[in-house]
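Novice: what's the 3D shape of this:
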Amino acid sequence: PKQLGDILFNKLNLPVIKRTKTGPSTDIEVLEKLADHDDLPQDKAEVPQSIVEYRQLTKLTSTYLVALREAIDDRTGRVHATFHQTGAATGRLSSSGPNLQNIPIRTEIGRQIRKAFVAEDGHVLISADYSQIELRILAHLSNDEALIDAFEQDMDIHTAVACQVFGIEPDDVTTEQRTHAKTINFGIVYGVTPFGLARRIEGLDRAGAKELIDSYKKRFAGIGTFLQECIQQAVSHGYVTTILGRRRSIRSKLGAR
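Specialist: Next up is the predicted model:
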């Protein structure tokens, strides 16, 4: 990082995006902003662009390609993952040897790795996913009328939230507003702060993020009440429970008696 910082900020005189205790930061967030900086000439922008690409390829190679190759069974020529029902603290299913749940999909080059998974002759691969399962459970547990109504009307939940938060009709919701609503949906459920939300939505400052969070909690008051009850239970009992009664202890984190 020190050598990279010297090249970027001393030799190329690129703008400093943020600083750490030891000097200008060269983390991935900084490099991505420099790579996409409108005011930089192309010859200078190519340096952070190349570094970002190199880091992405290096991570894909080490995390996925090498690990997947090493996981191939010599007898079958295929990978055979093990699935765990109690491995994740959240209660979700997890897998190992190899982990098949983190195969990249968001980028085109990441999706190329998925092409390595081919079914045996006479077999097919099936992809299945719940539709917004966390928000459906949240609607059930919180009894929030607005959220329940959106599901009962079979609405796209992120569009429905965008309508509520931005005060507009479904047909007027833009792609950007729906994306923001999706970020808000999952962010607020997991306790995102105005600072954290502002970091997730480009062009949104902390004041605007606070306004969105406040608007969300006002429109979906049942959710805020439910989340507060969860916190109170954790403080008083030292644990919270799932819908089926499974306990998750957080005594050490909150110091509950």
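Novice: tell me the pLDDT of the most far-flung residue of the chain relative to its centre.
Specialist: No residue in the chain sits farther from the centre than Arg75, which is 37.1 Å out by Cα atoms, centre = their mean. If you check Arg75, the pLDDT there is 95.
Novice: which element is it on?
Specialist: Per DSSP states H and E, Arg75 falls between elements, in no helix or strand.
Novice: so what's it up against?
Specialist: The contact partners of Arg75, taken as Cβ atoms under 8 Å, 6 or more residues apart in numbering, number zero. C-beta here means a position set from N, CA and C on the backbone, and glycine is covered the same way.
Novice: excluding chain neighbours, what is closest to Ala139?
Specialist: Leu147 (4.2 Å; Cβ to Cβ, 6 or more residues apart in numbering).
Novice: next up, phi/psi of the residue farthest from the centre of the chain, please.
Specialist: Per-residue torsions, Arg75: phi -80, psi -40 (degrees, to the nearest 10).
Novice: which residues of this protein fall in helices?
Specialist: With DSSP state H, the ranges of helices along the chain come out as 2-5, 28-35, 42-60, 66-70, 108-114, 133-142, 145-152, 157-166, 175-189, 194-200, 206-219, 221-237, 251-254.
Novice: tabulate those helices (a markdown table), appending mean pLDDT and mean neighbour count.
Specialist: Listed next are the helices of the chain as a markdown table, based on pLDDT from 0 to 100; neighbours: other Cβ atoms under 10 Å:
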| stretch | mean pLDDT | mean neighbour count |
| --- | --- | --- |
| helix 2-5 | 88 | 12 |
| helix 28-35 | 85 | 17 |
| helix 42-60 | 87 | 14 |
| helix 66-70 | 91 | 13 |
| helix 108-114 | 86 | 12 |
| helix 133-142 | 90 | 16 |
| helix 145-152 | 90 | 16 |
| helix 157-166 | 83 | 21 |
| helix 175-189 | 85 | 18 |
| helix 194-200 | 83 | 16 |
| helix 206-219 | 84 | 16 |
| helix 221-237 | 91 | 15 |
| helix 251-254 | 56 | 11 |
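Novice: among these, which comes closest to Val124?
Specialist: helix 108-114 (14.8 Å; Cβ to Cβ).
Novice: could I get the helices of the chain as JSON lines with distance to Ile126?
Specialist: Formatted as JSON lines, the helices of the chain follow (distance: least, Cβ to Cβ, whole Å):
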{"stretch": "helix 2-5", "distance to Ile126": "44"}
{"stretch": "helix 28-35", "distance to Ile126": "34"}
{"stretch": "helix 42-60", "distance to Ile126": "25"}
{"stretch": "helix 66-70", "distance to Ile126": "20"}
{"stretch": "helix 108-114", "distance to Ile126": "14"}
{"stretch": "helix 133-142", "distance to Ile126": "18"}
{"stretch": "helix 145-152", "distance to Ile126": "25"}
{"stretch": "helix 157-166", "distance to Ile126": "25"}
{"stretch": "helix 175-189", "distance to Ile126": "25"}
{"stretch": "helix 194-200", "distance to Ile126": "32"}
{"stretch": "helix 206-219", "distance to Ile126": "36"}
{"stretch": "helix 221-237", "distance to Ile126": "33"}
{"stretch": "helix 251-254", "distance to Ile126": "39"}
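Novice: can I get stretch 69-87 in CSV? Just the C-alpha atoms.
Specialist: Extracted as CSV, the C-alpha positions of stretch 69-87 are listed here (Å, rounded to 0.1, in the frame of the first residue of the first chain):
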residue,chain,number,x,y,z
ARG,A,69,-9.8,-27.4,-8.7
GLU,A,70,-8.4,-28.7,-5.4
ALA,A,71,-11.9,-29.9,-4.4
ILE,A,72,-12.3,-32.2,-7.4
ASP,A,73,-12.7,-35.8,-6.4
ASP,A,74,-10.1,-38.0,-8.2
ARG,A,75,-12.5,-40.9,-8.5
THR,A,76,-15.4,-39.0,-10.0
GLY,A,77,-13.8,-35.9,-11.5
ARG,A,78,-16.5,-33.8,-9.9
VAL,A,79,-16.9,-31.7,-6.7
HIS,A,80,-19.0,-33.0,-3.8
ALA,A,81,-19.9,-30.3,-1.3
THR,A,82,-21.1,-31.1,2.2
PHE,A,83,-24.2,-29.2,3.5
HIS,A,84,-24.6,-28.2,7.1
GLN,A,85,-27.9,-27.5,8.9
THR,A,86,-26.4,-26.0,12.0
GLY,A,87,-23.2,-24.4,10.8
